[in-house]
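S.K.: Need a 3D model of the following:
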Amino acid sequence: MENDRFIKVLERFVEVQEEILLELRALRTSPLTAKPQPNLLQDLIDSVDVKEELKISKSTLYRIKTSNLITPIKIGKRDYYSLTEIKKIAAYFMK
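M.R.: From the prediction side, this is the model:
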């Protein structure tokens with residue numbers, strides 16, 4: 001069970017890393033003609049912002065995280081979450 005969660009987090013990390021590499025390669029190949037692309041890291045928010053966005057407590061965020069409804073991305077010692085994923089959850093539960 002814990003290995004599955006670790007694998008999901010690792011897969012998401014690899015996806016983000018690949019997207020960043022593709023964005024960097026696109027900028028490097030044609031810096032003058034490249035269109036500005038959204039920063040992938042701007043889509044990540046920390047747990048404080050998640051709690052504010054969903055209007056939930058720290059313990060509720062922990063329960064949501066451990067039930068695998070959202071997958072955090074660990075950077076250093078902090079968890080970050082995809083803003084689009086959080087907005088989807090908010091739309092689903094706030095119907």
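S.K.: Which residue ranges of the chain form helices?
M.R.: Ranges of helices within the chain are 2-29, 47-54, 58-66, 83-93, based on DSSP state H.
S.K.: In terms of secondary structure, what does the second one contact?
M.R.: Packing partners of helix 47-54 (3 or more C-beta pairs under 8 Å, 6 or more residues apart in numbering; DSSP states H and E): helix 58-66, strand 78-82, helix 83-93. C-beta: built from backbone N, CA, C; applies to glycine.
S.K.: what does the average pLDDT come to for that helix?
M.R.: Averaging pLDDT along helix 47-54 yields 90.
S.K.: Residues touching that helix, excluding its own?
M.R.: 45, 56-58, 60-61, 70, 72, 78-79, 81, 83, 86-87, 89-90, 93 (C-beta atoms under 8 Å, 6 or more residues apart in numbering).
S.K.: angle of that helix against strand 78-82?
M.R.: 40 degrees (axes from the mean of the first three to the mean of the last three C-alpha atoms, to 10 degrees).
S.K.: Now the residue sitting nearest the centre point of the chain: closest residue in space, sequence neighbours ignored.
M.R.: The residue lying closest to the centre of the chain (C-alpha atoms, centre = their mean) is residue 82, at 2.6 Å. Leaving aside its sequence neighbours, residue 82 sits nearest to residue 43 (C-beta to C-beta, 6 or more residues apart in numbering; 5.7 Å).
S.K.: Wait, the one you found touches residue 84, no?
M.R.: Yes: between residue 43 and residue 84 there is a contact under C-beta atoms under 8 Å: 6.3 Å.
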